[in-house]
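# need a 3D model of the following:
(one chain, ligands or ions: 1)
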Amino acid sequence: MPEGKYIIVTGGVLSGLGKGITTSSIGLLLKLQGYKVTAIKIDPYLNCDAGTMNPFQHGEVFVLEDGGEVDLDLGNYERFLDVNLSSDNNITTGKVYKSVIEKERRGDYLGKTVQIVPHITDEIREWIKRVAKNSGADICLVEIGGTVGDIESMPFLEAVRQLHREVGHENVVFLHTTLIPVIGVVGEQKTKPTQHSVKELRAIGIDPDIIIGRAKEPLDKNTKEKIALFCNVPVEGVISVPDVESIYEVPLLLERQGLTDFLMKRFRIEKRNGLKEWEDFVNKVKNAKERVKIGIVGKYTDLSDSYISIVEAFHHAGAHLGTKVEIKWVEAEDLENGDLSLLEELHGILVPGGFGMRGADGKINSIRYARENNIPFLGICFGFQLAVVEYGKNVLKLDCSSTEIEPETEHPIITILPEQKGIENMGGTMRLGAYRIKIKEGTLAHRLYGETEISERHRHRYEVNPEYISELEKNGLIFSGISSDKIRMEIAEIPSHRFFIASQFHPEFKSRPLHPAPLFYGFVKASLEKMKEATD
Ligand code: GLN
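Take a look at the predicted model:
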């Protein structure tokens with residue numbers, strides 16, 4: 001294809017309409033046509049990245065290969081498109097202003113008054129084009145976070161308006177996602193909010209080509225026609241996305257309504273392939289018969305978006321094993337009084353990543369419960385560190401802890417990474433991103449990965465204190481994965497247990513629908529076996 005194409009995704013009426021899933025799904029459809037696709041997420045907040053934000057407010061912090069701490073939508077893009085993205089694929093207001101202000105200080109704009117238009121908008125436009133070009137993609141999706149009309153997103157909308165003018169109409173498609181509320185006893189689908197938000201878009205010079213209407217039920221023919229008329233789009237450009245059981249169905253839904261054909265025509269490119277592999281995967285998700293119950297013992301369990309990659313990793317592993325993973329969210333603090341009845345009937349227990357002392361004792365109690373009752377266990381990052389603390393406390397009988405929880409502990413079995421000691425800035429300073437890990441042969445880790453060297457993503461400041469390794473190993477907790485520079489413990493396991501494994505890295509960030517993460521696959525499989533045993 002001669003020129004790069006862009007699909008700009010905006011949102012109207014309210015946030016939280018699943019724009020990220022829509023963007024990912026469109027990307028997947030184009031990828032299945034044989035085109036190379038990349039995606040950019042724009043977050044109009046002033047933080048430079050998501051790393052300093054509380055998952056409670058903004059959902060999970062997703063970690064990329066290059067160590068970028070980014071919005072969770074990048075996780076959706078990677079999972080749907082099966083690609084690895086870079087930090088540059090997440091643009092924030094903070095990053096844009098930082099770059100422009102640095103240029104101003106350097107003297108790049110000498111003599112000029114530096115302004116939002118054109119300097120900030122130029123920066124955004126150049127950034128989008130650079131990412132698209134460097135990725136080698138035929139088509140670049142750009143999702144603008146927030147809702148049209150927000151003050152914060154104005155410079156970004158202006159920048160994409162300019163981009164449209166610059167690269168030409170045949171190379172840019174605008175897609176607007178909105179909510180279609182249903183009011184009254186007859187359940188009429190109301191289009192007025194959509195009309196208003198499109199009016200707002202058009203006032204700033206953006207004419208959408210496609211409207212995605214989110215509603216509980218599919219949009220009526222009438223509703224589609226009304227939207228087409230009032231919003232100045234062809235009827236084929238009005239696409240309905242009702243609630244579905246699995247997010248992985250959305251691409252099929254869009255395809256059935258002719259979205260791929262519409263885009264091909266609009267971009268004047270050809271339709272090539274089919275959707276077979278994806279359809280097979282969605283069927284596996286939908287037809288899964290068994291239900292295995294797995295507990296996640298965490299701190300932000302009220303908001304499942306805080307652990308979205310873990311939830312998706314379970315869906316991937318479950319689909320390949322023909323089972324639905326039913327997640328039971330367990331608030332760690334509820335396990336601190338010693339009553340562990342919340343863990344009864346679970347077929348597996350997972351302790352995810354986390355920070356700080358709140359809830360740590362409850363997590364340790366759940367690890368002990370899994371270890372002593374031979375229940376499949378997977379620990380991730382903080383969960384790995386606490387598994388080591390639990391072993392130190394209850395098997396080695398040491399009064400030990402992590403210095404993150406108890407800075408003055410007598411036995412700092414988990415301690416700050418040496419290179420972290422002098423660090424004062426909190427943003428982007430953890431051990432981040434992909435590192436290589438050597439796996440010992442003959443271990444559970446080796447059986448799961450089938451390889452002796454792997455690469456996984458990290459996000460931590462603390463690690464296993466080398467002084468305690470030999471004592472732990474002598475007593476049955478084996479370190480089966482070690483960083484390739486041989487300095488850090490990366491995987492711990494208990495060979496005498498049916499399935500007890502924990503990793504310093506985050507396997508969930510690399511799980512993909514068609515390639516589940518090996519640790520999750522093994523964990524769900526072991527939990528299924530446990531379930532079958534319980535029902536026999
Ligand atoms: N708080 C721990 C650390 O900084 C674990 C981090 C995590 O679980 N992502 O090392």
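# could you measure from the residue nearest to residue 531 when sequence neighbours are not counted over to residue 289?
Using CB to CB, 6 or more residues apart in numbering and skipping the chain neighbours, the partner closest in space to residue 531 is residue 347 (4.3 Å). Every C-beta, even on glycine, is put in place using the N, C-alpha and C of the backbone. Counting by CB to CB, to the nearest Å, the gap from residue 347 to residue 289 is 15 Å.
# hmm, back to that, you'd agree the residue nearest to residue 531 is up against residue 532?
No - here residue 347 does not reach residue 532: they are 9.1 Å apart, not a contact under CB atoms under 8 Å.
# out of these two, which sits in the more crowded spot?
Between residue 347 and residue 532, counted using other CB atoms under 10 Å, residue 347 has the larger neighbour count: 23 against 12.
# so what's residue 355 up against?
Residues in contact with residue 355 (CB atoms under 8 Å, 6 or more residues apart in numbering) are 382, 404.
# let me know the secondary structure of it.
Here residue 355 is recorded as coil under DSSP: H, G, I helix; E, B strand; the rest coil.
# now do the same for it: its pLDDT.
Turning to residue 355, the model gives it a pLDDT of 90.
# same thing with residue 469?
Looking at residue 469, its pLDDT is 96.
# and it, what are its phi and psi?
Torsion angles at residue 469 (phi, psi; degrees, to the nearest 10) stand at phi -60, psi -50.
# how much space separates it from the ligand?
Residue 469 sits 17 Å away from the ligand, going by CB to the nearest ligand atom, to the nearest Å.
# residue contacts, that residue?
479, 489.
# now swap in residue 317 and tell me
325, 511, 516-517, 520-521, 523-525.
# what residues does the stretch 301-450 of the chain have near the ligand?
353-355, 381-382, 404 (CB under 6 Å from any ligand atom).
# hey, C-alpha coordinates of stretch 450-465 in CSV?
Output of stretch 450-465 as CSV, limited to C-alpha atoms (Å, rounded to 0.1, in the frame of the first residue of the first chain):
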residue,chain,number,x,y,z
GLY,A,450,9.3,-26.5,27.3
GLU,A,451,12.4,-24.2,27.0
THR,A,452,15.5,-23.4,29.0
GLU,A,453,15.4,-19.7,28.2
ILE,A,454,12.4,-17.4,28.2
SER,A,455,11.7,-13.7,28.2
GLU,A,456,9.0,-12.2,30.4
ARG,A,457,8.0,-8.7,31.6
HIS,A,458,8.7,-7.2,35.0
ARG,A,459,7.6,-4.3,37.2
HIS,A,460,9.2,-4.4,40.7
ARG,A,461,11.6,-2.8,43.2
TYR,A,462,12.2,-5.8,45.6
GLU,A,463,13.7,-9.3,45.1
VAL,A,464,14.7,-12.4,47.0
ASN,A,465,17.6,-11.8,49.3
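# buried set for that stretch?
Neighbour-count burial for stretch 450-465 flags 454, 456-465 (criterion: 16 or more other CB atoms under 10 Å).
# same thing with stretch 232-242?
By 16+ other CB under 10 Å, the buried positions in stretch 232-242 come out as 233, 237-241.
# for stretch 392-400, same thing?
The neighbour-count check on stretch 392-400 (16+ other CB under 10 Å) flags 392-393, 395-396, 398, 400 as buried.
# farthest pair in the residues you listed?
395 and 400 (10.8 Å; CB to CB).
# quick one: residue 487 from the ligand, how far?
Remark: distance between residue 487 and the ligand (CB to the nearest ligand atom) = 15 Å.
# what is the neighbour count of that residue?
By the measure other CB under 10 Å, the count of residues near residue 487 is 11.
# which SS state does the most centrally placed residue in the chain fall under?
Taking CA atoms, centre = their mean as the criterion, residue 75 is the residue nearest the geometric centre of the chain, at 3.0 Å. Put simply, residue 75 is helix when judged by three-state DSSP.
# without its sequence neighbours, what residue ends up closest to it?
Nearest one to residue 75, counting by CB to CB, 6+ apart, is residue 62 at 4.1 Å.
# then residue 134?
In space, and not counting its chain neighbours, residue 134 is closest to residue 88: 7.8 Å by CB to CB, 6+ apart.
# and that neighbour, helix, strand or coil?
When classified by three-state DSSP, residue 88 comes out as helix.
# from residue 428, how far off is residue 130?
Distance from residue 130 to residue 428, counting by CB to CB: 20 Å.
# ok, residue 79 to the ligand distance?
19 Å.
# and that residue, backbone torsions?
Main-chain dihedrals, residue 79, degrees, to the nearest 10: phi -70, psi -40.
# that one: how many residues sit nearby?
By the criterion of other CB under 10 Å, residue 79 has 25 neighbours.
# same check on residue 120?
The burial count for residue 120: 21, using other CB under 10 Å.
# and it, what does it touch?
Residue 120 sits next to 96-97, 100, 155, 159 when contact means CB under 8 Å, 6+ apart.
# need those in CSV (columns: neighbour count, distance to the ligand and pLDDT).
Shown next, in CSV, are the contacts of residue 120 (neighbours: other CB atoms under 10 Å; distance: CB to the nearest ligand atom, whole Å; pLDDT from 0 to 100):
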residue, neighbour count, distance to the ligand, pLDDT
96, 23, 27, 97
97, 16, 28, 97
100, 20, 32, 97
155, 20, 33, 97
159, 28, 34, 98
